[in-house]
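A.B. asks: would you be able to build a 3D model of this:
(one chain, ligands or ions: 2)
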Amino acid sequence: MFKNILVPVDGSDQSVRSARIAVEIAAKHEGKIHLLHTIRPSEYTFTGLDLIDTIEKGAREMIENIIEKIKDEAAAGNVEITSEVTLGNPAAIIVEKSKRDYDSIIIANRGLSGIKEIMLGSVSNVISHHAKCPVLLIRE
Ligand SMILES: Nc1ncnc2c1ncn2[C@@H]1O[C@H](COP(=O)(O)OP(=O)(O)O)[C@@H](O)[C@H]1O
Ligand SMILES: [Mg+2]
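C.D. replies: Ligands and ions are numbered 1, 2, ... in the order given. Prediction:
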């Protein structure tokens, strides 16, 4: 447990916080973390496929930004950080990956949409119900 942690990120402050907590936990368990961002079809289908490269580049920069913010703690704790950008339905991809590749998921309950009235966002809701590995929900 916590040897191989999946940390889905959307660039929100909450996702940065969950990545930071993931580093802390990984450091204590001699684990590593994998940051994942999934670009939704709705983000590129309307704008045309030629923009995927630009959107992907933005997503990679977003992840690099998060790594920049947490890398000192990671280095101090000897935590390896890897990252990945995929295309598709975020929740479906995270559930699929939870079936074999990771021993835990650390995810914030809220993200970019920022609708305060509901307790879980669309992605965290599906993950907490359908992931195939333990999920640590980082509440605001
Ligand atoms: N496209 C995505 N790719 C990877 N992780 C995501 C994505 N969207 C959201 N997440 C993760 O899920 C968390 C909760 O976000 P979400 O469920 O979408 O709530 P909200 O409705 O507030 O945006 C985020 O902090 C982030 O860690
Ligand atoms: Mg969201």
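A.B. asks: from here on, contacts and neighbour counts on C-alpha atoms
C.D. replies: Noted.
A.B. asks: output the contacting helices and strands for the helix or strand where residue 96 lies.
C.D. replies: Following DSSP states H and E, the helix or strand that holds residue 96 is helix 90-98. In this structure, helix 90-98 makes packing contacts with strand 32-39, helix 122-130, judged by 3 or more CA pairs under 8 Å, 6 or more residues apart in numbering; DSSP states H and E.
A.B. asks: what's the most buried one of the ones you listed?
C.D. replies: Mean neighbour count (mean count of other CA atoms under 10 Å) peaks for strand 32-39 among the helices and strands packed on helix 90-98, with a mean of 21.
A.B. asks: can you tell me if it touches ligand 1.
C.D. replies: Yes. Using CA under 6 Å from any ligand atom, strand 32-39 comes into contact with ligand 1 via 36-39.
A.B. asks: restrict the helix holding residue 96 to CA atoms and write it as CSV.
C.D. replies: Below are the C-alpha coordinates for helix 90-98, written out as CSV (Å, rounded to 0.1, in the frame of the first residue of the first chain):
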residue,chain,number,x,y,z
PRO,A,90,-10.9,11.0,-17.0
ALA,A,91,-12.9,8.9,-14.6
ALA,A,92,-13.0,5.9,-17.0
ILE,A,93,-9.3,6.0,-17.6
ILE,A,94,-8.5,6.3,-13.9
VAL,A,95,-10.8,3.4,-13.1
GLU,A,96,-9.2,1.3,-15.8
LYS,A,97,-5.7,2.0,-14.5
SER,A,98,-6.8,1.2,-10.9
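A.B. asks: give me the angle between that helix and strand 32-39.
C.D. replies: 150 degrees (axes from the mean of the first three to the mean of the last three CA atoms, to 10 degrees).
A.B. asks: pLDDT on helix 90-98, on average?
C.D. replies: The average pLDDT within helix 90-98 is 96.
A.B. asks: which residue ranges form the helices in this structure?
C.D. replies: 13-29, 41-44, 52-76, 90-98, 122-130 (DSSP state H).
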